[in-house]
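Colleague: Need coordinates for the following:
(chains A and B)
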Amino acid sequence: MAQALSVEDLLDAYRTMKTIREFEDRVHVEFAKGGIPGFVHLYAGEEASATGVGMHLRDDDRLASNHRGHGHCIAKGVEVKGMMAEIYGKRTGTCRGKGGSMHIADLDTGMMGANGIVGGGPPLVCGAALAAKRKGKGGLAVAFCGDGASNQGTVFEAMNLATVWKLPVVFVFENNGYAEATDSRFSVSCKDIAQRAIGFGMPGRIVDGHDFFAVHEAFAEAAERARSGGGPSLIEHKLDRFFGHFEGDNQKYRPAGEVARLREETCCIKRFAKKVTGEHGITAQQLAAIDDEVAKLIDEAVAFAETSPEPEASDLLTDVYIKY
Amino acid sequence: MARKITYQQAINEAIDQEMARDENIVLMGEDVVGGSGSDGEMDAWGGVLGVTKGLYGKYGDRIMDTPISESGFVGAAVGAAASGLRPICELMFIDFMGVCFDQIFNQAAKFRYMFGGKAETPVVIRTMYGAGFRAAAQHSQCLYPLFTHIPGLKVVLPSSPYDVKGLLIQAIRDNDPVIFCEHKVLYTMEGDVPEESYTIPFGEANIVREGDDVTIVAFGRMVQQALKAATALAKEGISCEVIDPRTTSPLDEDSILESVENTGRLVVVDEASPRCGMAADISALVARKGFSSLKAPIEVVTPPHTPVPFAGKLEDLYVPNPDKIAAAVRATAGYNA
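Modeller: Numbers count the residues shown, from 1 in each chain, chains lettered A, B, ... in the order given. Predicted coordinates:
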């Protein structure tokens, strides 16, 4: 089932993962400096998950995300400058400064939105999948959920409905071990979220979410099942987040030194680079060139966001059907 | 060509005509077909009260039974609306909003604004509301003020067979989420309804009866109750103007204010609970923007602030009726500052 990945594909995957990492590391820095308002939840450490899935998605496929959505946006093709401007609350943002980090959406690229409500996305994805099924062109929809959302009733209902209506949906659970400050070993009632697939009549797989190749291969199978009318699947990515639940999180619930250790031991980008330079004939210079390109892109995105105008006062009352 | 049909038949006809016109319209809900997956007949129910009966035979898999799973299928309707379909979603009783409200007020209602004006969510959520069936506290509520409170939702309360057809067709063609509230007692009401398709715009009140002494603003089923009161009061020499706003969001403020400017007296009749409901809202509107027109304190007629009771005697006491409305009108008509 695994598709052969060309050198071009692998370089694209590296570029996407690196873009997400740089984006998030930079948002972390700029947030600390006070340039970014509101709540921000960073995705660093989980890049292989969004990227391995995103590479299978067509433009007409739809994706619903969650609080930790920047990586999903980038992997679905949302333009990075607009995202950064949105996070800064600027008029040039993806949602013209009216959504913010937790609500970046770009329906033109199939991105149905990050979501401020844990478990908000999966029911929506069933509808997107219904629309795709009625079109009959093999489209699919994917919902990204965390281990926290895996306990929400909306998610159970969506999984049941997806099987009942045989919808082309893939539910991807990114289990990073913590729902906010609560360990998934406490909050999830079964050992693996993937076990829940059985109860909803769909296949469930556990995948090493740090391994781009494992993610890519598992999603290929689920996507094939969805596109060919076989119905929904569940995939659990076991992975780690390198920042707190939100920026400003003291992370005292994590053992001392955990993040530093994870950055050293489980970094999906390091692992990917080692593999592709060792086995696929890609050179360190090729990766370094992408690093430079990405660094420049993120610099430009921050500059764009910082210099972009605030929304106009009149924007308060646009995009509504009535003004009182 | 108008002929007499019921409110329920008018709803079915509106959906039928729209589904024939636009194949992106799908209908989903609990037992809107009835019989899915069973060994018996399909279209066994056509909705719990038979409102959508017969549509399955015409439109097949565009009419979809759902599991009893409101968050799942209401959310699916919202997601489908954001993905190119125009779903009509039946929430069997408005009381069940408690198990799917997030998908309505945090998702559907927010998309257009929160996504910078780049999203449309053309979903209609049809839902049955109101007391009168001895259905008690969890199947009889009038929760439309809660939806009215949320920016991004349009809320419709049709009061007659003619209105329900025209307003439903308007709702289906609208590009924003619409909460379409059907009073269960009105389903059997008969009235003149044109066979052809027509729309009634949102935010335009209907002056159901003209009068000069007292303005009665009434919602949904209460429009018919207010008309009965107005007929009785006319015999006493009190001339009532009865206004049906038709939609609580958007609300036609001007028609209400213009009427009160003429009559100077206002009674608001609402079947919803008294606090933060339409009676309080319309009273506040007129107190703020029509104060100089008022010749008497505003009267409101609502149920008491209790859950809807089961026993028939208690439910009858609970719901506003023509006698209570007439008493409120007499109070304001007889007030002299």
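
Colleague: Which residue ranges of chain B form helices?
Modeller: Listed in chain order, the helices of chain B (DSSP state H) span B:7-21, B:55-59, B:70-81, B:101, B:111-114, B:144-148, B:161-173, B:222-234, B:253-263, B:278-289, B:312-318, B:322-333.

Colleague: Quick check: pLDDT value at residue 318.
Modeller: Using chain A here. Looking at residue A:318, its pLDDT is 95.

Colleague: Actually, chain B is the one I wanted.
Modeller: Residue B:318 is assigned 98 on the pLDDT scale.

Colleague: doesn't residue B:131 make contact with it?
Modeller: Yes: with contact defined as C-beta atoms under 8 Å, residue B:318 reaches residue B:131; the gap is 6.4 Å. Yep, even glycine has a C-beta here, placed from its N, CA and C like the rest.

Colleague: Show me which residues of the stretch 201-324 of chain A are close to chain B?
Modeller: By the rule C-beta under 8 Å from any C-beta of the partner chain, the part of the stretch 201-324 of chain A lying against chain B is A:318, A:319, A:320, A:321, A:322.

Colleague: For these, could you give me a markdown table that also reports neighbour count and secondary structure?
Modeller: Below are those laid out as a markdown table (neighbours: other C-beta atoms under 10 Å in any protein chain shown; DSSP: H, G, I helix; E, B strand; the rest coil):
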| residue | neighbour count | secondary structure |
| --- | --- | --- |
| A:318 | 14 | coil |
| A:319 | 19 | coil |
| A:320 | 14 | coil |
| A:321 | 17 | coil |
| A:322 | 12 | coil |
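
Colleague: Closest one to residue A:258 out of the residues you listed, please.
Modeller: Nearest to residue A:258 among those: residue A:319, at 42.6 Å, using C-beta to C-beta.

Colleague: Name the nearest residue to that closest one, sequence neighbours excluded.
Modeller: Among residues not flanking residue A:319 along the chain, residue B:117 sits closest, at 3.7 Å (C-beta to C-beta, 6 or more residues apart in numbering or on different chains).

Colleague: ranking the helices of chain B by burial, who's on top?
Modeller: Greatest average neighbour count among the helices of chain B goes to helix B:70-81 (a mean of 31), per mean count of other C-beta atoms under 10 Å in any protein chain shown.

Colleague: what's the pLDDT at the residue nearest the centre of chain A?
Modeller: Residue closest to the average C-alpha location in chain A (C-alpha atoms, centre = their mean): residue A:72, at 2.7 Å. Predicted confidence (pLDDT) at residue A:72: the value is 98.

Colleague: Ok, residue B:1 next?
Modeller: With respect to pLDDT, residue B:1 has a value of 83.

Colleague: Skipping its backbone neighbours, what lies nearest the residue of the stretch 151-300 of chain B found nearest chain A in space?
Modeller: The nearest approach of the stretch 151-300 of chain B to chain A comes at residue B:250, 4.2 Å away (C-beta to the nearest C-beta). Spatial nearest neighbour of residue B:250, excluding adjacent residues (C-beta to C-beta, 6+ apart): residue B:203 at 3.7 Å.

Colleague: if we can go back for a sec, okay, and the common contacts of residue B:318 and residue B:131?
Modeller: Both residue B:318 and residue B:131 are contacted by B:303, B:308, under the criterion C-beta atoms under 8 Å, 6 or more residues apart in numbering or on different chains.

Colleague: Setting aside sequence neighbours, what's the nearest residue to residue A:201?
Modeller: Distances taken as C-beta to C-beta, 6+ apart place residue A:163 nearest to residue A:201, at 4.4 Å, with adjacent residues excluded.

Colleague: can I assume that neighbour is in contact with residue A:200?
Modeller: Yes: the pair residue A:163 / residue A:200 is scored as a contact, 5.5 Å apart, by C-beta under 8 Å.

Colleague: Residues that sit against both of the two, list them.
Modeller: Residues touching both residue A:163 and residue A:200 by C-beta under 8 Å, 6+ apart: residue A:232.

Colleague: returning to that earlier point: so what's the residue nearest to residue B:250 up against?
Modeller: By C-beta under 8 Å, 6+ apart, the contact list for residue B:203 reads A:322, B:247, B:250, B:251, B:252.

Colleague: Counting neighbours, which of these comes out on top?
Modeller: residue B:247 (28 neighbours; other C-beta atoms under 10 Å in any protein chain shown).

Colleague: Mind pulling up the pLDDT for the closest residue in space to it that isn't next to it in sequence?
Modeller: Leaving aside its chain neighbours, residue B:247 sits nearest to residue B:202 (4.6 Å; criterion: C-beta to C-beta, 6+ apart). At residue B:202, the pLDDT value in this model is 98.

Colleague: Show the contacting residues for residue B:202.
Modeller: So residue B:202 contacts B:154, B:156, B:167, B:170, B:174, B:246, B:247, B:250 (C-beta under 8 Å, 6+ apart).

Colleague: Adding pLDDT, write those out as CSV.
Modeller: Output for the contacts of residue B:202, formatted as CSV (pLDDT from 0 to 100):
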residue, pLDDT
B:154, 98
B:156, 98
B:167, 98
B:170, 98
B:174, 98
B:246, 98
B:247, 98
B:250, 98
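
Colleague: mind checking how far residue A:220 is from residue A:315?
Modeller: 43 Å (C-beta to C-beta, to the nearest Å).

Colleague: how about stretch A:304-317: buried residues?
Modeller: For stretch A:304-317, a neighbour-count test (16 or more other C-beta atoms under 10 Å in any protein chain shown) marks A:304, A:305, A:308, A:311 as buried.

Colleague: In a helix, the second one, correct?
Modeller: Yep, that's residue A:305 we're talking about. Yes: counting by DSSP: H, G, I helix; E, B strand; the rest coil, residue A:305 falls inside a helix.

Colleague: Pretty sure it sits against residue A:87.
Modeller: Yes: Residue A:305 is in contact with residue A:87 according to C-beta under 8 Å; the separation is 7.1 Å.

Colleague: got any residues that touch both of those two?
Modeller: The contact sets of residue A:305 and residue A:87 overlap at residue A:93 (C-beta under 8 Å, 6+ apart).

Colleague: max-length strand in chain B?
Modeller: Across chain B, the longest stretch assigned as strand under DSSP state E is strand B:86-93.

Colleague: Report the contact partners of the residue nearest the centre of chain B.
Modeller: Taking C-alpha atoms, centre = their mean, the centroid of chain B lies closest to residue B:157, which sits 2.0 Å from it. With contact taken as C-beta under 8 Å, 6+ apart, residue B:157 is in contact with B:144, B:181, B:183, B:219, B:220, B:245, B:246, B:247, B:248.

Colleague: Return the subset of those lying in strands.
Modeller: Among these, the members found in strands (DSSP E) are B:181, B:183, B:247, B:248.

Colleague: of the contacts of residue B:203, closest to residue B:87?
Modeller: Closest approach between the contacts of residue B:203 and residue B:87, by C-beta to C-beta: residue B:247, at 20.1 Å.

Colleague: Can you name the element that comes right after the longest helix along chain A?
Modeller: When chain A is parsed with DSSP H, its longest helix is helix A:7-33. Using DSSP states H and E, the helix or strand that follows helix A:7-33 in sequence is helix A:47-54.

Colleague: Need the contact partners of that following helix.
Modeller: Contacts of helix A:47-54 with the rest of the structure, by C-beta under 8 Å, 6+ apart, involve A:13, A:16-18, A:20-21, A:43, A:63, A:71-72, A:74-77, A:142, A:144, A:170, A:172, A:174, A:209-216, A:218-219, A:237, A:239, A:268-269, A:271-272.

Colleague: Can you name the next helix or strand after that helix?
Modeller: As assigned by DSSP H and E, the chain's next helix or strand after helix A:47-54 is strand A:62-64.

Colleague: Tally up the residues packed near residue A:33, please.
Modeller: 8.

Colleague: State the distance from it to chain B.
Modeller: Taking C-beta to the nearest C-beta, to the nearest Å as the measure, residue A:33 and chain B are separated by 26 Å.

Colleague: thinking again about what came up before, read off the pLDDT value for the residue nearest to residue A:201.
Modeller: Residue A:163 is given a pLDDT of 98.

Colleague: Let me see the contact set for it.
Modeller: Contacts of residue A:163 by C-beta under 8 Å, 6+ apart are A:200, A:201, A:202, A:231, A:232.
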